[in-house]
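Trainee: I'd like to go over a predicted model; first the sequence, then the structure.
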Amino acid sequence: MPARAVQSALRGTLFLEDGTRFDGDGLGATGRRVGEVVFTTGMAGYPESLTDPSFRGQILTFTYPLIGNYGVPANGRDADGLPLLESSGVQPRGVVIRGTTSPNHWESHEALDTWLRDEKVPGVRGVDTRRLTEHLRARGVLRGVIDVGRADRRPSDDELARAIRAAPQYGEENFMAEVAPKRPTLIARRRGPVVAVLDCGVKASILRALLERGASVLRLPFDHEVPTRWDGRKVAGLLVGNGPGDPAELADAIAELGRPSHRELPTLGICLGQQLVALGRGATTFKLKYGHRGQNKTICFEDGTALIMSENHGYAVDPASLAPTGLDVWATNPDDGTVEGLRDGAGRVLTLQGHPEGHPGPQEAGFVFDRFVRKVKRRA
């Protein structure tokens, strides 16, 4: 089937801040959005990727050339009130795809085009995503504007360049107001130890991974104090999960994680959580040239073993800043040497830059949840 099997009455344009332009068909909603343009190399799992809050504020490019073949499942709520996908809606500001096709799957609730339109997210299809990806790899992360509208009018380069200049930088935006909960909530498991989750836009699958192992989950806003007790129950562990934006801008979360009183809590940091745990102990982070986003990322451990993980991050911990933190590098990325895992000497802190819960992607690192929950249960 040709990559552009589905035609559109809309035209779509992606324009980058360095002047590079891509024209194609419109997809989803009409409108204009400015965001950081990133790419993911995953071959499947586009509904999970599109609902990952870590993509908030970004324009997401899929490198796999054909998206939409199994449609979009209904995104209801499970028995605990969590979204069946990773959040309650589409998170990126725009989507760029080489081609789409009509869905054919027993679980499909609606087509990708319909879903994006309902979620008011514009997309462009029919562009050379290979060329776009190679451009981002060579130049690094760029801001861009996606514009979808009537087929008889294409905006000028000057018009789109002005839209980019008028928009705030990615690191300046307050994404927590959009993805973090406004108040604490407890998802209780009978006799299950309470794990506090500092929620910066955590994926639902991370919470489910804790619940499936018998833990109760206390979701806290990203800037909330981590309590020692809640609803008469002892808080026995702390998890800091994923989310969007520059970790160094989350001053309240960094200050909370730096409190000495938390050093006794079993702590698990995932993705942004690894960066925040390190920042809370005095380390620094830096922005990657184009980030790690995909489902087949290799990480290597100090004992010579390796595994494959799903990843979605644009920042990393500076290993040169770890000396005063009490944290040691546990795993690294063999492609660029960046830090993929940290732990402390007491065995209370464990972090991973990738996603052990997968969804989408492999779950080879799921053992870290087992290890973490065992420590939590011993402390409860």
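Mentor: All right, it came through fine.

Trainee: Low-confidence stretches in the stretch 251-380 of the chain?
Mentor: Within the stretch 251-380 of the chain, no stretch has pLDDT under 70.

Trainee: now the helices: where do they sit in it?
Mentor: Taking DSSP state H, counting those that start in this stretch as the test, the helices found in the stretch 251-380 of the chain are 251-257, 272-280, 367-379.

Trainee: Among those helices, show me which one is buried the most.
Mentor: Comparing those by mean neighbour count (mean count of other CB atoms under 10 Å), helix 272-280 ranks first with a mean of 28. (Glycine included, C-beta is placed from N, CA and C.)

Trainee: would you put the C-alpha positions of that one in PDB?
Mentor: Taking Å, rounded to 0.1, in the frame of the first residue of the first chain, the C-alpha atoms of helix 272-280 are listed here in PDB:
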ATOM      1  CA  LEU A 272      12.800  13.000  34.400                       C
ATOM      2  CA  GLY A 273      12.800  11.400  37.900                       C
ATOM      3  CA  GLN A 274      16.400  10.400  37.500                       C
ATOM      4  CA  GLN A 275      17.400  13.900  36.600                       C
ATOM      5  CA  LEU A 276      15.400  15.400  39.600                       C
ATOM      6  CA  VAL A 277      16.800  12.900  42.100                       C
ATOM      7  CA  ALA A 278      20.400  13.900  40.900                       C
ATOM      8  CA  LEU A 279      19.600  17.600  41.000                       C
ATOM      9  CA  GLY A 280      18.200  17.300  44.500                       C
END
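
Trainee: residues in contact with that helix?
Mentor: 54, 198, 200-201, 239-244, 247-248, 250, 253-258, 267, 269, 285, 313, 315-317, 321-322, 325, 327, 339, 341-342, 349, 351-353 (CB atoms under 8 Å, 6 or more residues apart in numbering).

Trainee: quick revisit: of all the helices of the stretch 251-380 of the chain, which one comes closest to residue 88?
Mentor: helix 272-280 (19.2 Å; CB to CB).

Trainee: how distant is that closest one from the center of its chain?
Mentor: With CA atoms, centre = their mean, to the nearest Å as the basis, helix 272-280 stands 15 Å off its chain's centre.

Trainee: picking that back up, make a PyMOL selection of whichever of the contacts of helix 272-280 turn out to be buried.
Mentor: A single PyMOL command selects the buried members of the contacts of helix 272-280 (16 or more other CB atoms under 10 Å):
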select buried, resi 54+198+200+201+239+240+241+242+243+244+247+248+250+253+254+256+257+267+269+285+313+315+316+317+321+322+325+327+339+341+342+349+351+352+353
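
Trainee: Okay, domains of the chain per the record?
Mentor: Domain assignment for the chain, taken from automatic domain parsing, gives 10-171, 176-379.

Trainee: about what we covered before: what about the helices of the stretch 251-380 of the chain, which gets the closest to residue 119?
Mentor: The nearest among those, by CB to CB, is helix 272-280 at 23.1 Å.

Trainee: My guess is residue 145 contacts residue 14. True?
Mentor: Yes. Counting by CB atoms under 8 Å, residue 14 is a contact partner of residue 145 at 7.5 Å.

Trainee: Now do the helices in the stretch 101-250 of the chain.
Mentor: Going by DSSP H, counting those that start in this stretch, the stretch 101-250 of the chain shows helices at 112-118, 129-139, 157-166, 176-179, 204-212.

Trainee: Against which helices or strands is the shortest one packed?
Mentor: Packing contacts for helix 176-179, counted by 3 or more CB pairs under 8 Å, 6 or more residues apart in numbering; DSSP states H and E, involve no helix or strand.

Trainee: tell me the average confidence for that helix?
Mentor: The pLDDT scores in helix 176-179 average 97.

Trainee: rewinding a little: CSV for the helices of the stretch 101-250 of the chain, including mean neighbour count and distance to residue 296?
Mentor: Shown next, in CSV, are the helices of the stretch 101-250 of the chain (neighbours: other CB atoms under 10 Å; distance: least, CB to CB, whole Å):
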stretch, mean neighbour count, distance to residue 296
helix 112-118, 20, 22
helix 129-139, 16, 15
helix 157-166, 14, 32
helix 176-179, 16, 26
helix 204-212, 22, 18
